[in-house]
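Chemist: Quick one, structure for this:
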Amino acid sequence: MIRLFCVLLGLNLAVPVFAQSTNPESPISLSNGLALSESDYISGLRALTTEELLQLEDKPELQIQFALRLHSNIALAREAHSKQLHEDPKVQALIERSRNSILATALLQGIRDELVQPDLTQLAHERYLANKEVYRTEEKRRIAHILVTDISVCPCEVDPPEDKIRELHAKLKLGADFAGLAAEHSHDMGSRNQGGALPRWFAFDDAMPDSFRSAMFSLPNIGDISEPFKTKNGWHVMKLLEIEPSVIPPFEQLQKQIEKKIWLELQNNALERARASTYPLPENIDTKAIDNLIDRVKAESAAQ
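Modeler: Numbering: from 1, shown residues only. Alright, predicted model coming up:
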């Protein structure tokens with residue numbers, strides 16, 4: 001977690017390159033003659049999001065990692081300045097790009113913050129009524145199975161898997177206990193002690209072998225037994241244990257989810273409109289000139 005958080009800090013910190021301590025006699029951190037004071041740390045902390053500030057609060061280990069990265073960024077930036085790296089055209093271009101990106105992000109955040117929230121309850125209810133089928137849940141099923149493979153549980157079991165599963169299927173049709181046969185004969189070690197019951201629920205579109213899906217969703221009633229079928233794992237016979245029917249949840253259950261989605265859409269639409277208003281028309285973009293400039297910059301890089 002600490003390593004990930006450091007990466008985030010490294011990407012998001014916009015610390016002043018030439019931060020000056022207002023009170024060097026009372027530094028918050030000190031290393032190799034570089035003292036960082038309250039004003040330096042305020043600058044660093046202001047560059048974090050609210051979520052990142054909350055992660056730092058009352059967590060000394062993360063605060064130390066933050067201090068190490070802050071101190072390192074300022075120290076390395078000063079060293080880079082002493083070597084005149086800030087005068088390198090490539091570095092200047094990167095700084096300008098970062099500056100423009102930060103300012104654009106700040107402007108878009110302001111647009112987001114100023115957006116007036118409409119009556120989301122009404123909008124959510126209208127969307128729910130117009131798209132009820134979108135919110136329908138999938139039918140899910142829970143089953144038990146008996147699996148017979150070429151690897152016998154008991155050395156005395158020498159019947160071919162298909163013959164064995166058909167023998168067990170015949171017993172089930174005569175009323176034999178499914179759980180008992182699964183415990184005695186199933187080669188699925190994960191479910192045999194649970195009477196063959198698999199722990200998860202299955203929806204039709206879940207990943208599974210086609211024959212497994214076909215057998216499961218062709219059983220009409222709870223307690224029904226499938227015909228024997230084959231997968232790459234071996235031969236199976238299946239029992240339907242439970243059905244969770246497909247339903248459309250009531251609006252009250254989905255209201256918050258729909259409202260959140262609508263509000264996010266409205267915000268994103270407002271931001272996209274703001275961006276789109278700045279776009280030049282394609283016919284006003286000189287791609288030939290851009291190609292020439294690409295060649296120029298490539299030549300400059302090759303000459304260095």
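Chemist: Below-threshold pLDDT in the stretch 101-250 of the chain: ranges please.
Modeler: 151-159 (pLDDT under 70).
Chemist: any chance you could map the strands in it?
Modeler: For the stretch 101-250 of the chain, the strands defined by DSSP state E, counting those that start in this stretch occupy 140-148, 202-203, 229-231, 234-244.
Chemist: Which one of those strands lies nearest to Ile294?
Modeler: strand 202-203 (50.0 Å; C-beta to C-beta). Yep, even glycine has a C-beta here, placed from its N, CA and C like the rest.
Chemist: Paired strands for that closest one, with orientation please.
Modeler: With DSSP bridges as the test, strand 202-203 is paired with strand 140-148 (antiparallel).
Chemist: Strand 234-244 and the strand it pairs with, what's the angle between them?
Modeler: Between strand 140-148 and strand 234-244, the angle comes out at 160 degrees (axes from the mean of the first three to the mean of the last three C-alpha atoms, to 10 degrees).
Chemist: And strand 140-148, what's buried?
Modeler: By neighbour count with 16 or more other C-beta atoms under 10 Å, strand 140-148 contains the buried residues 140-148.
Chemist: Please apply the same query to stretch 260-270.
Modeler: Result for stretch 260-270 [16+ other C-beta under 10 Å]: buried residues 262-263, 266-267.
Chemist: can you give me how far that stretch is from the chain middle?
Modeler: Relative to its chain's centre, stretch 260-270 lies at 19 Å (C-alpha atoms, centre = their mean, to the nearest Å).
Chemist: pretty sure Leu36 contacts Ser26?
Modeler: No: using C-beta atoms under 8 Å, Leu36 makes no contact with Ser26, being 10.9 Å away.
Chemist: Can you measure across stretch 37-54, start residue to end residue?
Modeler: 21 Å (C-alpha to C-alpha, to the nearest Å).
Chemist: again, but for stretch 150-165
Modeler: 11 Å.
Chemist: what's the neighbour count on Phe202?
Modeler: 20 (other C-beta atoms under 10 Å).
Chemist: which ones are touching the nearest residue to it once chain neighbours are set aside?
Modeler: Among residues not flanking Phe202 along the chain, Arg141 sits closest, at 5.3 Å (C-beta to C-beta, 6 or more residues apart in numbering). With contacts defined as C-beta atoms under 8 Å, 6 or more residues apart in numbering, Arg141 is in contact with 201-202, 216-217, 240-244.
Chemist: Of the residues you listed, grab the buried ones for PyMOL.
Modeler: A single PyMOL command selects the buried members of the contacts of Arg141 (16+ other C-beta under 10 Å):
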select buried, resi 202+216+240+241
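Chemist: Now the contacts of Arg141 in CSV, please, with extra columns for distance to Ile294.
Modeler: As requested, these are exported to CSV (distance: C-beta to C-beta, whole Å):
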residue, distance to Ile294
Trp201, 55
Phe202, 53
Met216, 57
Phe217, 56
Leu240, 64
Leu241, 64
Glu242, 63
Ile243, 61
Glu244, 58
